[in-house]
Every structure is written in structure tokens, then in C-alpha cells.
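> Generate coordinates for the sequence data below:
(one chain, ligands or ions: 1)
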Amino acid sequence: MYLFQNRLVPKSQVAVSPDDRGYYFGDGIYEVFRVYAGVLYEPEAHLERLERTAREVRLPLPCPSAELAARLEELIAANGLKEGTVYMQITRGPAPRSHAFPAHAEPVLMAYCTVLERPAGMMRDGIAAVTMDDIRWLRCDLKTLNLLPNTMAKQYALDRGVSDVILHRSGTVTECSASNVMMVKDGVIRTHPANHLILHGVTRKVVLRLAREADIPVRETAFTVDELRDADEVFITGTTVEVTPVISVDGQPVASGRPGPVTRALQQAFERTIPGL
Ligand code: PDD
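This next block holds a predicted model:
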């Protein structure tokens, strides 16, 4: 079952207009929630980010976010989802194609569940990544449907036989195609500050809290590609990747080329936040 507007319907009954602004302009916003043991993980943080994005792009939410959370829980129950994700998007709705925001558009909400196991192999063995220019706009903190540069970045990585890209602006590392990136040097975690150049990841926030609780020093200051190459450890964080080690960058191993102790400690700490484990 899908959630379409405020009703649970079969996928075949999700009818979206070809005039939807999401289709014309990518004019919409979204969230990807993790579901563990049938329960939404950190729903408040996701809904807060959704509300912020909605406000910034002036897209009225169809209902208050507490109501949205209740609808998503109904969706999860209707699908009997235990382990997976919920994707939810809200577009500005149908209107004849014109750049200006329409005076009377009705937002269109659509959400569905996907069964997804935790990425055990990747988390154990780590992934390879390549660096790439971050060619995105200057509001990467907004979770909008405009993901063409992110899809191009992911494909760039896959075409080179690796899992993901590490994006940088003129040598300053920002994030990955669909996750945040952190490095460890001399026991200190570093990651790009949560400003307009990165998505403020929910997992990033959880991991930084766990690091502080474990007395691992954290510096939310940007680092360069050169510093990345010289890191003791590199890992990415995100709803679907949790805490995944990066073991090589541009074909060069990160330190020994094996996941490091800080990454392992954070993986274990993260696991303890997962309900039902
Ligand atoms: N992506 N950075 C970008 C560009 C992202 O798209 C995401 C999430 C993250 C990590 O955020 P979080 O920890 O809240 O998942 C960072 C989702 C999963 C997606 O687009 O599929």
C-alpha cells in the first residue's frame, strides 16, 4: 500500500498529474526514514528537517508533522514492514508550466515502504570511493527533489567500479552522493560543518552525539582532499548506510586499508541505538 495524499491506496491508484511541478521542475521535498523492528528511527529529526525545508522553499505541508508521523506509522503497519525504509515526498502540486509559484496549487504527498536489510557486508568490509567536484547548488541543506547532480555523482562512482563519490568544492570536502562523510586523524573526528553546503544528516547528528558521549573529540570544521588522503580513518553516515567505513580513496588505501578502531566503536555505539537489536 502507498500513502497518497491522506489515504492508503494500492500503487495502481496513485494518480499524479503530468502538470505536477515535481515532474516539471523537481519542485518538491522529500525524506527517507529508516524503519527498524517496525518502528520509525528518529522520526522527530526527519520531520523537523522536512518542516525546515518546506519553510525555506515555501511549500505548505499538507498537514502538521505530528499528523504526518501518524500517517507513516499507519503505512508501516498496513505493509507489515519490519526492516526497511519509508520514502515520502511532497511536491508543490499540479499547475500549468510556469516558473512562478502557482497561486492555488495543492501539494501532493506520496509515501511508500521498501524492505531493506542493514548493509552488513559494506559495514564490515568498507567501501571504495573516488573524489569528484561538487557541482551542486548552494542550498545543499535543503532536502529537495533536485537530485540530478547527486545521481550523476553516484553514476560517476559506479562507472569507475567504486561505491560512491566524496564530493569537494575547490578541494574542500563536503559530503557524498547520499551520505555525509567524516575522517579521523590522531583520534579526532572531523566533518564539514552543518551549513548550506551539506545536508544536515540525521545519522550524522546521531553519530556526533555518540562520539561526544564516548569522549571522542569532534571538530565540525571542513577538511581538504589532501587531509582526507592522509586520514587514519574515513567513514560515511546515512539512513541506509548507517556507519560505513571507506577503505580507499581514488585507488589509494586509507591508512592500512582496513576499517579503523574509531569507526568500529561508532558502529557499535550506533547499533545500540537501534530498537529491537
Ligand atoms: N540521503 N547527504 C545527502 C546528500 C543525502 O542525500 C543524505 C541522505 C545524507 C544523509 O542524511 P541522513 O543521515 O539523514 O540519511 C547526506 C537519503 C538516504 C536519500 O536521498 O536516499
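> what helix or strand does whichever residue of the stretch 1-150 of the chain sits closest to the ligand sit in?
The stretch 1-150 of the chain approaches the ligand most closely through Val32 (3.9 Å), counting by Cβ to the nearest ligand atom. Glycine gets a C-beta too; all of them are placed from N, C-alpha and C. Assigned by DSSP states H and E, Val32 belongs to strand 28-36.
> chain center to that strand, what's the gap?
8 Å (Cα atoms, centre = their mean, to the nearest Å).
> what comes up buried for that strand?
Gly28, Ile29, Tyr30, Glu31, Val32, Phe33, Arg34, Val35, Tyr36 (16 or more other Cβ atoms under 10 Å).
> what's downstream of it, the next helix or strand?
The C-terminal neighbour of strand 28-36 among helices and strands, as given by DSSP H and E, is strand 39-40.
> Tell me which residues are up against that next one.
Applying Cβ atoms under 8 Å, 6 or more residues apart in numbering, the set of residues contacting strand 39-40 from outside is Phe33, Arg34, His46, Ala69, Leu72, Glu73, Ile76, Val86, Pro275, Gly276.
> let's see it at 6 Å
By Cβ atoms under 6 Å, 6 or more residues apart in numbering, the list of residues contacting strand 39-40 from outside reads Phe33, Pro275.
> So for the next helix or strand after it, what gets flagged as buried?
Where DSSP H and E defines the elements, the next helix or strand beyond strand 39-40 is helix 43-56. Taking 16+ other Cβ under 10 Å as the basis for neighbour counts, the residues of helix 43-56 that come out buried are Pro43, Ala45, His46, Leu47, Arg49, Leu50, Thr53, Ala54.
> same question for stretch 135-155, mean pLDDT?
Averaging pLDDT along stretch 135-155 yields 98.
> What of stretch 169-186?
Stretch 169-186 carries an average pLDDT of 99.
> is any part of it close to the ligand?
Yes - under the criterion of Cβ under 6 Å from any ligand atom, stretch 169-186 makes contact with the ligand via Glu175, Ala178, Ser179, Asn180.
> As JSON lines, those with secondary structure, distance to Asp125 and neighbour count would be great.
Supplementary listing: the residues of stretch 169-186 next to the ligand in JSON lines, determined by DSSP: H, G, I helix; E, B strand; the rest coil; distance: Cβ to Cβ, whole Å; neighbours: other Cβ atoms under 10 Å:
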{"residue": "Glu175", "secondary structure": "strand", "distance to Asp125": "22", "neighbour count": "27"}
{"residue": "Ala178", "secondary structure": "coil", "distance to Asp125": "19", "neighbour count": "19"}
{"residue": "Ser179", "secondary structure": "coil", "distance to Asp125": "17", "neighbour count": "22"}
{"residue": "Asn180", "secondary structure": "strand", "distance to Asp125": "20", "neighbour count": "25"}
